[in-house]
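J.: Just the structure for this:
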Amino acid sequence: MDVRIGISQTPKELEVELGDEILREDVLAQVTAELAGDGVLTLTDKRGKTIVVPVAKVAYVEVGASTEGRRVGFGNS
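T.: As a prediction, the model looks like this:
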């Protein structure tokens, strides 16, 4: 599952690839809870790297769909 984080006053965005075992609902709940406070948003990618962003600098968070069960190619209806 991919998560994109837009940072205020910065043209680039952070892309975090989470493990397939992570549920989208869990990520949304974590992001919502952390953005409600004044602390930091912390995510750990599938390789174990931890990303920490001050909540005050977060412009947006885009949580993609789980990659599990995703079909690729022609003829996927």
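J.: quick one, strands of this protein?
T.: 2-7, 13-17, 40-44, 50-54, 58-63 (DSSP state E).
J.: Adding mean pLDDT and distance to Glu34, write these out as CSV.
T.: Quick note: C-beta positions are derived from backbone N, CA and C, even for glycine. Below are the strands of the chain laid out as CSV (pLDDT from 0 to 100; distance: least, CB to CB, whole Å):
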stretch, mean pLDDT, distance to Glu34
strand 2-7, 94, 11
strand 13-17, 93, 14
strand 40-44, 93, 5
strand 50-54, 94, 9
strand 58-63, 94, 9
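J.: Tabulate the ones you listed (JSON lines), appending mean neighbour count and distance to Val27.
T.: Listed next are those as JSON lines, based on neighbours: other CB atoms under 10 Å; distance: least, CB to CB, whole Å:
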{"stretch": "strand 2-7", "mean neighbour count": "17", "distance to Val27": "6"}
{"stretch": "strand 13-17", "mean neighbour count": "15", "distance to Val27": "10"}
{"stretch": "strand 40-44", "mean neighbour count": "16", "distance to Val27": "8"}
{"stretch": "strand 50-54", "mean neighbour count": "13", "distance to Val27": "13"}
{"stretch": "strand 58-63", "mean neighbour count": "15", "distance to Val27": "5"}
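J.: Need the ones you listed in TSV (columns: distance to Thr32).
T.: Below are the strands of the chain laid out as TSV (distance: least, CB to CB, whole Å):
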stretch	distance to Thr32
strand 2-7	13
strand 13-17	16
strand 40-44	10
strand 50-54	15
strand 58-63	9
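J.: for these, which one sits closest to Arg24?
T.: Closest to Arg24 of those is strand 58-63 (CB to CB; 6.1 Å).
J.: Just want the angle from that closest one to strand 2-7.
T.: 170 degrees (axes from the mean of the first three to the mean of the last three CA atoms, to 10 degrees).
J.: and for strand 58-63, what are the contacting residues?
T.: 1, 3-8, 24, 27-28, 31, 35, 41 (CB atoms under 8 Å, 6 or more residues apart in numbering).
J.: What separation do you get for Ala59 and Glu13?
T.: 9 Å (CB to CB, to the nearest Å).
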